[in-house]
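**Student:** Fold the following for me, if possible:
(2 chains)
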Amino acid sequence: GENVEQHPSTLSVQEGDSAVIKCTYSDSASNYFPWYKQELGKRPQLIIDIRSNVGEKKDQRIAVTLNKTAKHFSLHITETQPEDSAVYFCAARAYSGGGADGLTFGKGTHLIIQP
Amino acid sequence: EAQVTQNPRYLITVTGKKLTVTCSQNMNHEYMSWYRQDPGLGLRQIYYSMNVEVTDKGDVPEGYKVSRKEKRNFPLILESPSPNQTSLYFCASSLGTGGYEQYFGPGTRLTVT
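**Tutor:** Residues are numbered from 1 along each chain as shown, chains lettered A, B, ... in the order given. Here you go, the predicted model:
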């Protein structure tokens, strides 16, 4: 099955600086890579996603890049703000032989924005 | 309002006492899934369902059962809960499996003593 590794597990940055979270995946057939943000005590919510036919996608201060050859993808947050403090999860859509599939998540990155 | 609901939100139970956590969505989504979240382990998929009467195991299915008799409901059943099933459980749904956004429920915090 799919295996997703996420680094770092904790990331502390100064407010206004950029933050980068990296993930690698193992299944070359995976083709959908979402990022979810989970604030303390809340449910995970999708913030951005990318499909394997695209190398980069941006939405205001957040961007995701995908390198299919190296099987890794990254989340970039620029001009970080206090409300960016949360746990971020990357995920990859995993295939199984029968056509059924599910999302495999990384273990999460706790992003701390220092004032 | 489009949403995924779960009940109960909090549950403390004893080892061996069967329990069911309900999940319901009002978005006519075909795909539904259960995850458990444990510190340092992220979100791990327990079971998923691609449509009514179609379910499949995720990464950690041992000790759990599910059913999908109606499109909107996807209950999670613990026939004989054990302490290692103490966790935060999330139900999620999406339009399909082709890379659609998954909408998560509010979570159910289960403690098994």
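**Student:** average model confidence for stretch A:33-41?
**Tutor:** Average pLDDT, stretch A:33-41: 96.
**Student:** And for stretch A:13-21?
**Tutor:** The average pLDDT within stretch A:13-21 is 98.
**Student:** Briefly note if it comes near chain B.
**Tutor:** No - taking Cβ under 8 Å from any Cβ of the partner chain as the criterion, stretch A:13-21 and chain B are apart, separated by no less than 12.9 Å. Using the backbone N, CA and C atoms, a C-beta is placed for each residue, glycine as well.
**Student:** Also stretch A:39-48?
**Tutor:** Yes - Stretch A:39-48 lies within reach of chain B by Cβ under 8 Å from any Cβ, at A:43-46.
**Student:** Now that stretch: buried residues?
**Tutor:** Of all the residues in stretch A:39-48, those buried under the rule 16 or more other Cβ atoms under 10 Å in any protein chain shown are A:43-44, A:46-48.
**Student:** Spatially central residue in chain A, please.
**Tutor:** A:C90 (3.2 Å; Cα atoms, centre = their mean).
**Student:** Now residue 71. Nearest residue, chain neighbours left out?
**Tutor:** This is for chain A. A:Y25 (5.2 Å; Cβ to Cβ, 6 or more residues apart in numbering or on different chains).
**Student:** that answer is for a different chain, and I need it for chain B
**Tutor:** Per Cβ to Cβ, 6+ apart, closest to B:K71 is B:V52, 5.5 Å.
**Student:** which residues touch B:R9?
**Tutor:** B:106-109 (Cβ atoms under 8 Å, 6 or more residues apart in numbering or on different chains).
**Student:** Now the one residue in chain A that gets nearest to chain B: closest residue in space, sequence neighbours ignored.
**Tutor:** Minimum separation of chain A from chain B (Cβ to the nearest Cβ) falls at A:Y32, amounting to 3.4 Å. Excluding its sequence neighbours, the residue lying closest to A:Y32 (Cβ to Cβ, 6+ apart) is B:G99, at 3.4 Å.
**Student:** if I read this right, that neighbour contacts A:R93, doesn't it?
**Tutor:** Yes - with contact defined as Cβ atoms under 8 Å, B:G99 counts as touching A:R93 (5.9 Å).
**Student:** who touches both of these two?
**Tutor:** With Cβ under 8 Å, 6+ apart as the test, B:G99 and A:R93 both reach A:31-32.
**Student:** State the pLDDT value of the residue in chain B positioned nearest to chain A.
**Tutor:** Closest residue of chain B to chain A, Cβ to the nearest Cβ: B:G99 (3.4 Å). With respect to pLDDT, B:G99 scores 74.
**Student:** Then A:G97?
**Tutor:** So, for A:G97, pLDDT stands at 47.
**Student:** Could you do A:A94 as well?
**Tutor:** A:A94 is assigned 67 on the pLDDT scale.
**Student:** give me the low-pLDDT residue ranges for chain B?
**Tutor:** Low-confidence segments of chain B (pLDDT under 70): B:98.
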